[in-house]
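1. coordinates for the following, if possible.
(one chain, ligands or ions: 1)
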Amino acid sequence: MSAVPTFTFLGPEGTFTEAALMQVPGAAHATRIPCTNVNTALDRVRAGAADAAMVPIENSVEGGVTATLDAIATGTELRIIREALVPIVFVIVARPGVEISDIKRISTHGHAWAQCRLWVEANIPNADYVPGSSTAAAAMGLLEDNAHYDAAICAPLVAAEQPGLNVLASNIGDNPDAVTRFILVSRPGPLPERTGADKTTVVVPLPEDHPGALMGILDQFASRGVNLSRIESRPTGQYLGQYFFSIDADGHISDARVADALAGLHRISPATRFLGSYARADKQAAVVAPHTSDASFAAAHAWVEAILKG
Ligand SMILES: O=C(O)C(=O)Cc1ccccc1
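-> Below you'll find the model as predicted:
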């Protein structure tokens, strides 16, 4: 990465993604380029116009962010080099003078809308949803002369910094403990070092006409004592019934058990894509059974070598 790195992120300023980016050491002094969607943020990295992109990947209420899962699974290869967790708190804002009872149309990011369902149903049951490219974009759109919605759901910080916006209700998320996970994505390069509390992300296309392929994929992890923290299936978009799995596994590819599991995946599904090994944001070390430790793998390989040498 250059002396003053350039980061793209799902913007504009005030998104939860920007809050995630600000957790990266040096981000405050870096060049930060807001993008209106995840694909643009990633494509700028692919094109060499930015060093890395911060994008949302998963939240504790709604699950995977499909735009991100799909964008990193295809196209020129990228690597996840870091993750960040952001607690998510929502407010609903409107122009001064607008009351909750006046609201007919609400804009926000799709994941924010999905996380405020109960509050909206209880308080503005007939409101229509206007999709927004991000929570902050929806809030800022209210300040435009021809805004075609009456309220936006966004982060408290956006509202606090905009005198033209009134907070009508706070903490409107259905789950007070909601957390979103973001990833920092760069072009392939040296891997982040193993910390002992790491995560590895892979994309595994499900081989066709191969009965038990999913079982075979899962067995690569299970038989080597590698715990999974996320597994999602996504359609490849090519034809009905063709899927890939996006998987997060505990551990680093330099852990023997993880390397061995990935090699097994490659045998079952040669188009398996390695998306990175990086430190876990929660610093929780993996639990490693004695028979899946590096030492145990080394001893087993040495035993086979000795037999082959005769
Ligand atoms: O729109 C934003 O602010 C984002 O960063 C995307 C998002 C939306 C809702 C929850 C978490 C992230």
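
2. just give me how far the helix or strand hosting residue 305 sits from the chain centre.
-> Element membership for residue 305 (DSSP states H and E) is helix 294-309. With Cα atoms, centre = their mean, to the nearest Å as the basis, helix 294-309 stands 38 Å off its chain's centre.

3. so where do the strands sit in the stretch 101-250 of the chain?
-> Ranges of strands within the stretch 101-250 of the chain are 105-108, 128-131, 151-154, 166-170, 179-186, 198-205, 228-235, 243-250, based on DSSP state E, counting those that start in this stretch.

4. now for the second one, which elements pack on it?
-> It refers to strand 128-131. Where contact means 3 or more Cβ pairs under 8 Å, 6 or more residues apart in numbering; DSSP states H and E, strand 128-131 is packed against strand 105-108, helix 110-115. C-beta coordinates here come from the backbone N, C-alpha and C atoms, glycine included.

5. residue 72 and residue 27, how far apart?
-> Distance of residue 72 to residue 27, computed by Cβ to Cβ, to the nearest Å: 20 Å.

6. of all the residues in the stretch 151-300 of the chain, which one is nearest the ligand?
-> Closest residue of the stretch 151-300 of the chain to the ligand, Cβ to the nearest ligand atom: residue 180 (4.0 Å).

7. specify the beta-bridge partners of the closest residue to that residue other than its chain neighbours.
-> What sits nearest to residue 180 in space, not counting adjacent residues and going by Cβ to Cβ, 6 or more residues apart in numbering, is residue 59, at 4.1 Å. Residue 59 has these beta-bridge partners by DSSP bridges: residue 63, residue 180.

8. does residue 59 touch residue 88 like I think?
-> Yes. Counting by Cβ atoms under 8 Å, residue 59 does reach residue 88; the two are 6.9 Å apart.

9. pLDDT weak spots in the stretch 151-300 of the chain?
-> When residues are selected by pLDDT under 70, none of them lie in the stretch 151-300 of the chain.

10. got the residues of it near the ligand?
-> Neighbours of the ligand within the stretch 151-300 of the chain, by Cβ under 6 Å from any ligand atom: residue 180.

11. identify the residues contacting the residue nearest the centre of the chain.
-> By Cα atoms, centre = their mean, the chain has its centre lying nearest to residue 57, at 1.5 Å. By Cβ atoms under 8 Å, 6 or more residues apart in numbering, residue 57 lies in contact with 64, 65, 68, 69, 83, 181, 182, 183.

12. that one and residue 230: what is the separation?
-> Per Cβ to Cβ, residue 57 is found 9 Å from residue 230.

13. what does residue 166 give?
-> For residue 166, the distance to residue 230 (Cβ to Cβ) stands at 38 Å.

14. and if you look at residue 68?
-> Noted for residue 68: a distance of 12 Å to residue 230, by Cβ to Cβ.

15. of these two, which one has the most company?
-> In terms of neighbours (other Cβ atoms under 10 Å), residue 68 is the more surrounded of residue 68 and residue 230; the figures are 23 against 16.

16. thinking again about what came up before, quick one: buried residues of the helix holding residue 305?
-> Of the residues in helix 294-309, those buried by neighbour count under the rule 16 or more other Cβ atoms under 10 Å are 296, 297.

17. just to revisit the earlier point, now do the shared contacts for residue 59 and residue 88.
-> Common contacts of residue 59 and residue 88, defined by Cβ under 8 Å, 6+ apart, comprise 115, 178, 179, 180.

18. my read: the last one touches residue 60, true?
-> Yes. Under the contact definition of Cβ under 8 Å, residue 180 touches residue 60, with a separation of 7.4 Å.

19. who's more crowded, these two?
-> The neighbour count for residue 180 versus residue 60, taken as other Cβ under 10 Å, is higher for residue 180 (24 against 15).

20. contact partners for that one?
-> Residue 180 is in contact with 16, 20, 56, 58, 59, 60, 85, 86, 88, 111, counting by Cβ under 8 Å, 6+ apart.

21. hang on, the earlier thing: turn the helices and strands packed on strand 128-131 into a markdown table, including distance to residue 35 and mean pLDDT.
-> Formatted as a markdown table, these follow (distance: least, Cβ to Cβ, whole Å; pLDDT from 0 to 100):
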| stretch | distance to residue 35 | mean pLDDT |
| --- | --- | --- |
| strand 105-108 | 18 | 98 |
| helix 110-115 | 17 | 94 |
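
22. deepest-packed of these, please.
-> strand 105-108 (a mean of 23; mean count of other Cβ atoms under 10 Å).

23. tally of neighbours for residue 213?
-> For residue 213, the neighbour count with other Cβ under 10 Å is 17.

24. residue contacts, it?
-> Residues near residue 213 by Cβ under 8 Å, 6+ apart: 206, 207, 268, 269.

25. can you do 6 Å?
-> The contact partners of residue 213, taken as Cβ atoms under 6 Å, 6 or more residues apart in numbering, are 206, 207.

26. repeat for residue 9
-> 17, 18, 21, 54.

27. give me the distance between the closest residue to residue 172 other than its chain neighbours and residue 176.
-> Excluding its sequence neighbours, the residue lying closest to residue 172 (Cβ to Cβ, 6+ apart) is residue 119, at 4.1 Å. As judged by Cβ to Cβ, residue 119 and residue 176 stand 11 Å apart.
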